[in-house]
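J.: structure here, sequence nowhere to be found:
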C-alpha cells in the first residue's frame, strides 16, 4: 500500500518515465537503510497546474507528502517550487490573475473544492515566509493574533498559555519571556523568523509550509531554525522550499526536484542526493546549473 | 568560458590612456553633480525668499489689527436726557459725545456740529454699552459711570501713524480739529492702547473697529467638522474597497481615472453642484455650515481617496501575506493590519485636504456664504461665514480700516492652518509610535 502510494508520487514527465525502473523497490530499500519512521501520506497533489494570466507556471505536478516528515522542494529560481507551495494553503487565491487546476488533498479532502473556506484552510496549513514578517505589534500580539481570530482561546489566561507554549515550541520563549510586550520587529532576524514560526503553530496547524525560511538569515540563526524544523517534524507535516541543497540534505527526509515548472524527480532525500535518476537532477545537485 | 568575454590584452587600450579618459569623465560627472546641487539650493533659497516676503508683508500689514486704542470716559447719566420708558430711543451716543467734549474742555455748539465730529472719532460701541448697562440696572440713571470702548477705526489709524497730519485732507476723513482732539485725549490719559482681544471675540460688523473674526472662526470650524465627518471616513473606506477588494477590471479602471479627474475639477464647479443638488433639490439652508461642509466634503473626497490608496499601496505585501497566512479573512487582514499601518499616510492626506478645504473660497460664494453675518452661527443650519470668505469680504470693503483687518484675518487663517498641520504631524507621530 505504502509503496504504491509512493510510486504514485513519482514523476510523471516523459523524460523521467523512461528512467523510472522499479522505483518502488528502490525506495523501499533506501528507506530501510535510512531508518526513517515516517507517517502516512498527509497531502496528495494530483495534476496541479497553475497559470499566471497567460503564463503557465506549473505543469501537471503530482506529489505525495508524508506526515511527520520534512519534504524539501528544490530547484533553480523560477522553477515553480514556491508556486506549488502556495497552492497548498491557497495563497495563490490572493493573486488576481492566478488560476489553479488539479486536486490537492489533505487527509483525503480536496482543498480546491468550493466548499473549503481558504480562511479555515490556512488555519490548518500554516506558512512561514522568506523574509521574517512579524506584525508591527508586540511579541505577544504576534503570537496571540491567530488564536484570537479563530477563537481558539476562551480566556485571557488560556490565550497566555497558548502564546507561551507556542513560543516554547518555537524555541524562543527563553529569549523573549521578559519582553513579551515589546515590538516583535525589534527582534533579530533569526528571532523574528522563530517568532513567525511560533505565530504559525499557535493556531495548531497540521501542515507547515516554509518558503526559503533561512535565506535572509546568518549561519547561526539558520542552524537554530534547522534544529527547530527537525523538532517540529515530530508533530507536523512540513514542506520547505530551499535554495540551499545542503540545507535540504540536512533537514529533509524527502526531496522533490522542480525544473521549469515540472516536478522532475522525487524520493527520499538520501537517494536524490546520492543516486539521482534524472540527469537534470544530477546536474542541479552537482552544481552544473541553477 | 570567461576567456570568451575578455578581450585579448593587446586589444585593450593602454592603462594610462584609459585612466585619463576616466578622469575626464569623472570631471564631467562631478560637474553635473555640482550643478544639480546648485540649482537645488537656488530653488530653495528663492522659495524661502518668497515665503518670507509673503509672511513679512502680511504680518507687517496685519499686526496693527491686534493693537487697539480704547478710550475711557466718565459719563454722567443725566436723568433729564434719558427717557426711562424708551431707553432704546435715547441718544446715548450724544451723551457720550458731550462727555468727551467736557473732557476736552469745550462745549457743543447749537447745531450739534462738535458732537457730530466727536461721534466720528469715538465708536458707537460706548453708547451701546451705556444702553446695555442702564437697561440692566436703571438705578444708574443720575450717576456718573466710566465707560471704555474703542475709538473709531480712522482715529485708531491716526494713532497708529497710518494717517498723518501731512496726509492730504481729501485722503483722510478726519479734519485737523479732530486730530487735535485725539492728541489732547491721548495726552490727558483717556486713551490707552492694548491687545485687540475684541478682534478675536467679535464677529463681523459694519464698523471696522468693532469687526472681528470670531463668527468666521466658528463658521470655519463647524464647516470643517461637517467636511471631516463626511470626507474622511467615506473617502478612507472607499479607498480601502477600491484598493483591497474591488476586482481589477475595466470598470474599476474607469472609476480610478474619474477619481483622479475629480481631484482636478475647479472648485467653483463643486459650488455649482452644491447649489443645484444640496440647496435647490434637497433644500439644505443656504449659507449654512452644513451646506458648505457638504460641498467641501465632495471636493475633498477625491484627494482623501487618492492619498489613502497610495498609503495602502505602500504597506508591504508581506504584512498581508502574514495575516492571510495565519488564516485572517480579507477584511480582518485589511482592518487589523493594513489600514493601521497605512494610518499615518491616511491622516496626512486627510488633514492636507481639510487644510485645503479650510482655505477654499470660490465654491462657498456659490452657496451664499458671502453674506454679511454679524454673529457666530448657533448651529449647523444657521447662516455663517468662514475665514477665507471673511478675508474676501473685507478686502472688497471700501473703508481703509478694513484693509488692515483683511491682513489680520489672513494671519488668523494662517495660524488656524498651522495649528491644523501641527495636529497632522502630531497624529502622524502618535500612529507611527504605536506601530
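T.: Nice, I can see it. For clarity, every value in this text was computed on a predicted model and none was experimentally measured. Numbers count the residues shown, from 1 in each chain, chains lettered A, B, ... in the order given.
J.: give me the below-cutoff pLDDT ranges for chain A.
T.: Chain A contains residues with pLDDT under 70 at A:1-38, A:290.
J.: hey, what's the most centrally placed residue in chain A bridged with?
T.: By CA atoms, centre = their mean, the mean C-alpha position of chain A lies nearest to residue A:239, the distance being 2.0 Å. Beta-bridge partners for residue A:239, by DSSP bridges, are residue A:71, residue A:209.
J.: which residues touch it?
T.: Counting by CB atoms under 8 Å, 6 or more residues apart in numbering or on different chains, residue A:239 touches A:43, A:65, A:70-71, A:73, A:85, A:88, A:207-210. In this view, the C-beta of every residue, glycine as well, is placed from N, C-alpha and C.
J.: restricted to buried residues, select those residues in ChimeraX.
T.: This is how ChimeraX selects the buried members of the contacts of residue A:239, with burial counted by 16 or more other CB atoms under 10 Å in any protein chain shown:
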select /A:43,65,70,71,73,85,88,207,208,209,210
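J.: ok, so of the contacts of residue A:239, who is nearest residue B:379?
T.: Top of the list for closeness to residue B:379, among the contacts of residue A:239 and by CB to CB, is residue A:209 at 59.2 Å.
J.: residues in contact with the closest one?
T.: A:85-86, A:88-89, A:125-128, A:238-240.
J.: could you rerun that using 6 Å?
T.: A:85, A:88, A:127, A:239 (CB atoms under 6 Å, 6 or more residues apart in numbering or on different chains).
J.: could you look up the SS state of the residue of the stretch 151-300 of chain B found nearest chain A?
T.: Residue of the stretch 151-300 of chain B nearest chain A, by CB to the nearest CB: residue B:248 (5.6 Å). Following DSSP: H, G, I helix; E, B strand; the rest coil, we place residue B:248 in the coil state.
J.: neighbours around it, how many?
T.: Counted by other CB atoms under 10 Å in any protein chain shown, the residues lying close to residue B:248 total 11.
J.: what is the burial count for residue 245?
T.: Looking at chain A here, since you left the chain open. Residue A:245 has 19 neighbours, counted by other CB under 10 Å.
J.: nope, chain B please
T.: Residue B:245, neighbours per other CB under 10 Å, totals 10.
J.: low-scoring stretches of chain B, by residue?
T.: Across chain B (using pLDDT under 70), the flagged ranges come out as B:1-13, B:433-435.
J.: touching, residue A:64 and residue A:44? I think so.
T.: Yes. The criterion here is CB atoms under 6 Å, and residue A:64 meets it with residue A:44 at 5.3 Å.
J.: who has more neighbours out of those two?
T.: Using other CB under 10 Å, the more surrounded residue of residue A:64 and residue A:44 is residue A:64, with 22 against 19.
J.: could you tell me the phi and psi values at that one?
T.: phi -110, psi 140 (degrees, to the nearest 10).
J.: quick check: it vs chain B, distance?
T.: In this view, residue A:64 and chain B are 23 Å apart by CB to the nearest CB, to the nearest Å.
J.: so which residues on the stretch 151-290 of chain A come close to chain B?
T.: Contacts of the stretch 151-290 of chain A with chain B, taken as CB under 6 Å from any CB of the partner chain, map to residue A:203.
J.: run the last query once more with 10 Å
T.: A:183, A:185, A:196, A:199-200, A:202-203, A:205, A:209, A:211 (CB under 10 Å from any CB of the partner chain).
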